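K.L.:
3D, please:
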Amino acid sequence: MTDLAHLKFYATQPHDCSYLEQQQAVTLFLDPAEPIDEEVYGRLSELGFRRSGDHLYRPHCPRCKACVPARIPVELFTPNKQQKRIYKRNQDLRVERRPPRLTDEIYQLYSRYINTRHADGDMYPPSEQQFSSFLVSDSPFCEFNEFRLDGRLLAVAVTDRLANGLSAVYTFFDPDEPRRSLGRYAILWQIEEARRSELPALYLGYWIRNCRKMNYKTEYRPLEMLLSQRWVRIN
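P.N.:
Now for the predicted structure:
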């Protein structure tokens, strides 16, 4: 077993926060020279780390603790009425698990999603280089789950499959299908996939109280949050 105490980490200089206006952020990165295997990644995810491309990171802001890691204990999750409707509404979709890759079909969906949903964010404007560096990895634990209707691509859930759970890295979807609630359905599907795979949790990334775009994460109950280095259950 890898001794985490021997791993090297680097902190960035303060930079503009991606989530909170007029805030400066500091990010802690695992040394890029360290190999990211499933064991190291899984153990660091327990400490609140996330993956972006080939890097593992977590917020390391000295005066702000707004970013709270969140995960769903999948065996305890019970969908509410709205979530049951969303799940039923999308039962006509077929999900195909594929290795990460950049294709014209996938990139066009990603580009439309960013341009429509996140034109005010730091991922705008989209580019193929940005897509590849952010989402395409040759790591064996990374997968693209493609949601299709009669062959037409409607959504992609980028998921990491670890020994201690699934990690929902990023989801993008057809912005012209609002009735389907594809982002929420992708989470519901990943919860069920974790259950099918006998994995204990779905890691959702960070929840930020004052960030409207993060509010959806508290819809899934029970939810566990990493507070003072302890996972605390919120029913």
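
K.L.:
wait, D160 touches F141, no?
P.N.:
Yes: when contacts are counted by Cβ atoms under 8 Å, D160 is listed as touching F141 (5.1 Å). All C-beta spots, glycine's among them, are computed from the backbone N, C-alpha and C.

K.L.:
what are the ranges of the strands in the protein?
P.N.:
Secondary structure of the chain (DSSP state E): strands located at 9-11, 15-16, 24-25, 27-30, 50-52, 55-59, 68-73, 94-98, 142-149, 152-162, 165-173, 201-207, 223-227, 230-234.

K.L.:
wait, which of those is closest to Q130?
P.N.:
Ranking those by proximity to Q130 (Cβ to Cβ) places strand 50-52 first, at 11.1 Å.

K.L.:
for the helix-or-strand element of the chain with minimal mean pLDDT, packing partners?
P.N.:
Within the chain, no helix or strand scores below strand 15-16, which has a mean of 92 by mean pLDDT, DSSP states H and E. In this structure, strand 15-16 packs against strand 24-25, with contacts taken as 3 or more Cβ pairs under 8 Å, 6 or more residues apart in numbering; DSSP states H and E.

K.L.:
given the strand it packs on, what are its sheet partners and their directions?
P.N.:
In the sheet, strand 24-25 lines up against strand 15-16 (antiparallel) (DSSP bridges).

K.L.:
run through who's touching the strand it pairs with.
P.N.:
For strand 15-16, the surrounding residues in contact (Cβ atoms under 8 Å, 6 or more residues apart in numbering) are Q23, Q24, A25, V26, T27.

K.L.:
now swap in stretch 55-70 and tell me
P.N.:
Stretch 55-70 is contacted from outside by 11, 19-20, 23-30, 32, 36, 40-41, 44, 47-51, 203-211, 217, 223-227, using Cβ under 8 Å, 6+ apart.

K.L.:
narrow these to those that are buried.
P.N.:
Among the contacts of stretch 55-70, those scoring as buried are 19-20, 25-30, 36, 40-41, 44, 48-51, 203-208, 211, 217, 223-226 (criterion: 16 or more other Cβ atoms under 10 Å).

K.L.:
can you tell me the closest non-neighbouring residue to the spatially most central residue of the chain?
P.N.:
The centroid of the chain falls nearest to V169 when counting by Cα atoms, centre = their mean (2.7 Å). Nearest residue to V169, sequence neighbours excluded (Cβ to Cβ, 6 or more residues apart in numbering): V158, at 4.3 Å.

K.L.:
tell me the contacts of the one you found?
P.N.:
Contacts for V158 (Cβ under 8 Å, 6+ apart) come out as P100, L135, C142, E143, F144, N145, A168, V169, Y170, T171.

K.L.:
just the terminal-to-terminal distance for stretch 94-110.
P.N.:
19 Å (Cα to Cα, to the nearest Å).

K.L.:
give the buried residues for that stretch.
P.N.:
Burial within stretch 94-110, assessed by neighbour count using 16+ other Cβ under 10 Å, is assigned to P100, I106, L109, Y110.
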